[in-house]
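> pasting a predicted model and its sequence here:
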Amino acid sequence: MKKRQTTRARNQTLLFIGLAIFTFMNLIPLIWAALTSVKNPADAFTVPPTILFHPTIEYHRQVWFDRDFVRYLFNSLIVSAGTVLISVPIGSLAAYGLSRMPQRRASPILFGLFTIRMFPHMLLAIPFFVMGSFLNMIDTYPLLILALVAINQPFTIWLMYSFFLDIPRDLDEAAAIDGCNLWQTFRIVILPLARPGLTVAALFSLLLSYNEFLFALVLTGIRTKTLPVAIASFGGEDVSDWSISAAGAIGIMLPIVLVMIFVQRHLVRGLTIGAVKG
Amino acid sequence: MRWQRGLWLFLAPSFGLMTLVLLWPLGYAAYLSAFDYHLGSPEVQFVGLANYAQLLGEARFWQSLWTTLLIGFGSVAVEFALGFALALALYRLTFSVRAFMILLFLPHIITPVVATLFLKWILTSNWGLIDATLLTFNVSPPDWLGNPVWAKICVVLADAWIFTPFVMLVLYAALQTLDQAQIEAAKIDGAGGWRILRHIVLPSMVPVIVFTVSVRLMDVFRFFDTIYVLTGGGPGTATETITIYTYQLGFQLLQVGKASALGIITLVIVAAIIATFSSILHRGYGRSA
């Protein structure tokens, strides 16, 4: 018995060490970018790579203030906030309606939504761009927000649907008996109970719109460029700008890490319903 | 029941918006695909199905489809092997699981463009971390992103870096729902770890595995950010997937008619994958029931 326990402890330690090594190796690209972002270019281009150097936050300052990333951040925030504020309310309404329908009527609609989620976005980007040009709406916030709300709907509805299903229908019936109409039932009785779901849906929609690249690339211009578009056009080629681009990339990443720590308990639910990368 | 009347009104805003913003443009794309339409030029000519015929007779189209499938199956294979190993390891580990989960999950949750840039800075020739390290030891490395074969491998690995955590998480969640009693019984009967894995764990995870593989395969037909940033489809057209080709057609060459036709073809392929996957799942459920 004793021997069995020591092998078990040894196995656990080996497992832990193995995972720790893998995790570290897996994060090397990220760690490397973080180091580059606080290096002077003289330290950034060396053979062998430098690990010991004098760190500087000069490039973090430059990218946000001299290179206008503050403005792109502002654009990103407007687009993300707009998307969340439209997408979550209308998605929750639809999800509630579906969750209170007979299963046989709700299932085909839910499957249809799944199919929509699988649409190749490129297929939508073309007519969007053409229609946007006709309407003279390219490089405006509403067009991009509308596109993001629409592609985000299937995910929000699925997620909220799963939360509403967990709330027993008896409550609806009790509310109806007490004289609530449908809207009052939803607003006064059900919605407060679904608050955790709303938070999760809002945070995931926020991530989706903050990270989105394709629509932002084709529908924005100088005025409404979001952070991913800015860093992509900036960070690719010119090696001499490495420290600055790395600083920008790390800066873009930080808020996401915070949100992620906040939603970690709900990750499984959010992701199995539909990957965040919309 | 009486209180259920009017439920459809709750669906109206969301579905109205989706009709306006998803279905209408979709129909418009189908309409555009029947024209020889060069954005910006006043000449718009109705060509019927000629755009489709032209695409299907074109080597570049078939090559991009082949590249898409190659990159798709390649990355799904890597993601599955790694993701399953990680999920099993986390499942067996009894402490600090959550910390590992967060750290392993980082590459998936950060902005795809940013994640790809991180990888690009590792892979860049001469100054990237890999080359700088190899050159230290006087090993001359291949041009990772400039060589057609290596570029494909890099794209597969980049996709795997970003999406393995997703596969890991889904499989880990599935492992949590396994029937412990069955596993204990098998242990008492003297079954080793490998046989338990092969005969109990894997069969019960078939639906999850089919689901994940299908989702990932469909994703490959939308996969854009990473290739756009990492190689831009190059060198030449070595990493040009259908999505990248559509982008080139529509937004670089501005041939929106032909690009729409290509988009519709992609949709048909994806629909075929969805149909196959849902029939496999139904058959799977039918057998277990």
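Sure, I can see it. What you are looking at is a predicted structure, and each value in this text was computed from that prediction instead of being measured.

> need the pLDDT of residue 178.
Went with chain A since none was named. pLDDT for A:D178: 89.

> that answer is for a different chain, and I need it for chain B
pLDDT, read off for B:L178, is 81.

> how much space separates it from chain A?
15 Å (Cβ to the nearest Cβ, to the nearest Å). Just so you know, the C-beta spots here come from the backbone N, C-alpha and C atoms, and that holds for glycine as well.

> same deal with B:I242?
8 Å.

> check what pLDDT that residue gets.
92.

> residue 204 - how many residues pack around it?
Picked chain A for this. 27 (other Cβ atoms under 10 Å in any protein chain shown).

> you looked at the wrong chain, it should be chain B
16.

> following whichever strand or helix holds A:E173, which helix or strand shows up next?
For A:E173, the host element (DSSP states H and E) is helix A:169-177. Later in the chain than helix A:169-177, the nearest helix or strand by DSSP H and E is helix A:182-184.

> buried residues in that next one, which are they?
A:L182 (16 or more other Cβ atoms under 10 Å in any protein chain shown).

> and that helix, anywhere near chain B?
Yes. Helix A:182-184 reaches chain B (Cβ under 8 Å from any Cβ of the partner chain) through A:L182.

> count of neighbours near B:I162?
By other Cβ under 10 Å, the residues close to B:I162 number 23.

> so it belongs to a helix, correct?
Yes. Assessed by DSSP: H, G, I helix; E, B strand; the rest coil, B:I162 belongs to a helix.

> if I look at it, how far off is chain A?
8 Å.

> residues touching that residue, list them.
B:I162 makes contact with A:K277, B:P107, B:H108, B:P112, B:A115, B:T116, B:T226, according to Cβ atoms under 8 Å, 6 or more residues apart in numbering or on different chains.

> quick check: the last one vs B:L119, distance?
Applying Cβ to Cβ, to the nearest Å, one obtains 8 Å for the distance of B:T226 from B:L119.

> so what sits against both of the two?
In contact with both B:T226 and B:L119: B:A158, using Cβ under 8 Å, 6+ apart.

> other SSEs contacting the helix or strand where A:A232 lies?
Counting by DSSP H and E, the element that carries A:A232 is helix A:227-235. Packed against helix A:227-235, as judged by 3 or more Cβ pairs under 8 Å, 6 or more residues apart in numbering or on different chains; DSSP states H and E, are the following elements: helix A:69-99, helix A:214-219, helix A:242-263, helix B:112-123, helix B:225-230.

> per-stretch mean pLDDT over those helices, give me the minimum one.
helix A:242-263 (a mean of 86).

> touching chain B at all, that one?
Yes. Helix A:242-263 comes into contact with chain B (Cβ under 8 Å from any Cβ), by way of A:W242, A:S245, A:A246, A:A249, A:I252, A:M253, A:I256, A:V257, A:M260, A:I261.

> which of those residues are buried? Put it as a ChimeraX command.
The following ChimeraX line selects those of these that are buried, judged by 16+ other Cβ under 10 Å:
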select /A:242,245,246,249,252,253,256,260
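
> between the residues of helix A:242-263 next to chain B, which sits nearest B:W127?
A:W242 (7.8 Å; Cβ to Cβ).

> touching, that closest one and A:A44? I think so.
Yes. Under the criterion of Cβ atoms under 8 Å, A:W242 is in contact with A:A44, at a separation of 5.3 Å.

> look up phi and psi at the nearest residue to B:T111 once chain neighbours are set aside.
Distances taken as Cβ to Cβ, 6 or more residues apart in numbering or on different chains place A:N211 nearest to B:T111, at 4.5 Å, with adjacent residues excluded. Torsion angles at A:N211 (phi, psi; degrees, to the nearest 10) stand at phi -90, psi -20.

> where are the low-confidence patches of the stretch 51-200 of chain B?
By pLDDT under 70, the stretch 51-200 of chain B has no low-scoring segment.

> can you give me the strands in it?
Here the stretch 51-200 of chain B has no strands by DSSP state E, counting those that start in this stretch.

> chain center to stretch A:93-104: distance?
Distance, stretch centre to chain centre, for stretch A:93-104: 26 Å (Cα atoms, centre = their mean, to the nearest Å).

> tell me which residues are up against it.
A:106, A:109-110, A:153, A:156-161, A:163-165, A:169, A:172, A:186, A:190, B:4, B:7-11, B:13-15.

> surely B:D159 touches B:L70?
No. B:D159 lies out of contact with B:L70 (Cβ under 8 Å); the separation is 11.6 Å.

> neighbour count: these two, which is higher?
B:D159 (26 against 16).

> what sits against the more buried one?
Applying Cβ under 8 Å, 6+ apart, the residues contacting B:D159 are B:I71, B:S75, B:E79, B:V220, B:F223, B:T226.

> neighbours of the fifth one, how many?
By the other Cβ under 10 Å criterion, the neighbourhood of B:F223 contains 27 residues.

> swap in the third one?
When neighbours are counted by other Cβ under 10 Å, B:E79 registers 24.

> where's it relative to B:Y91, distance?
In terms of Cβ to Cβ, B:E79 sits 17 Å off from B:Y91.

> where does pLDDT dip in the stretch 51-200 of chain A?
In the stretch 51-200 of chain A, no residues with pLDDT under 70.

> list the buried ones in the helix holding A:A232?
Buried, per 16+ other Cβ under 10 Å, within helix A:227-235: A:L227, A:P228, A:V229, A:A230, A:I231, A:A232, A:F234, A:G235.

> export that helix to PDB, keeping only CA atoms.
The C-alpha coordinates for helix A:227-235 follow below in PDB (Å, rounded to 0.1, in the frame of the first residue of the first chain):
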ATOM      1  CA  LEU A 227      -6.300  47.900 -32.800                       C
ATOM      2  CA  PRO A 228      -5.900  44.500 -34.600                       C
ATOM      3  CA  VAL A 229      -5.900  46.300 -38.000                       C
ATOM      4  CA  ALA A 230      -3.500  48.900 -36.800                       C
ATOM      5  CA  ILE A 231      -1.000  46.400 -35.300                       C
ATOM      6  CA  ALA A 232      -1.300  44.100 -38.400                       C
ATOM      7  CA  SER A 233      -0.400  46.900 -40.800                       C
ATOM      8  CA  PHE A 234       2.300  48.100 -38.400                       C
ATOM      9  CA  GLY A 235       4.100  45.100 -37.000                       C
END
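
> now tell me what touches that helix from outside.
A:67-69, A:72-73, A:75-76, A:210-213, A:216-217, A:220, A:241, A:244-246, A:248-249, A:252, B:111-114, B:117, B:120, B:225, B:228-229.

> and what of stretch B:14-30?
A:90-91, A:93-94, A:116, A:119, A:123-124, A:126-128, A:130-131, A:146-147, A:149-151, A:153, A:157, B:260, B:263-264.

> if we can go back for a sec, tell me the one of the buried residues of helix A:227-235 nearest B:R195?
Nearest to B:R195 among these, with distances taken as Cβ to Cβ, is A:P228, at 47.1 Å.

> any chance of CSV for the buried residues of helix A:227-235, columns distance to B:R195 and pLDDT?
Formatted as CSV, the buried residues of helix A:227-235 follow (distance: Cβ to Cβ, whole Å; pLDDT from 0 to 100):
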residue, distance to B:R195, pLDDT
A:L227, 50, 93
A:P228, 47, 93
A:V229, 52, 92
A:A230, 54, 90
A:I231, 49, 89
A:A232, 49, 88
A:F234, 54, 76
A:G235, 50, 59
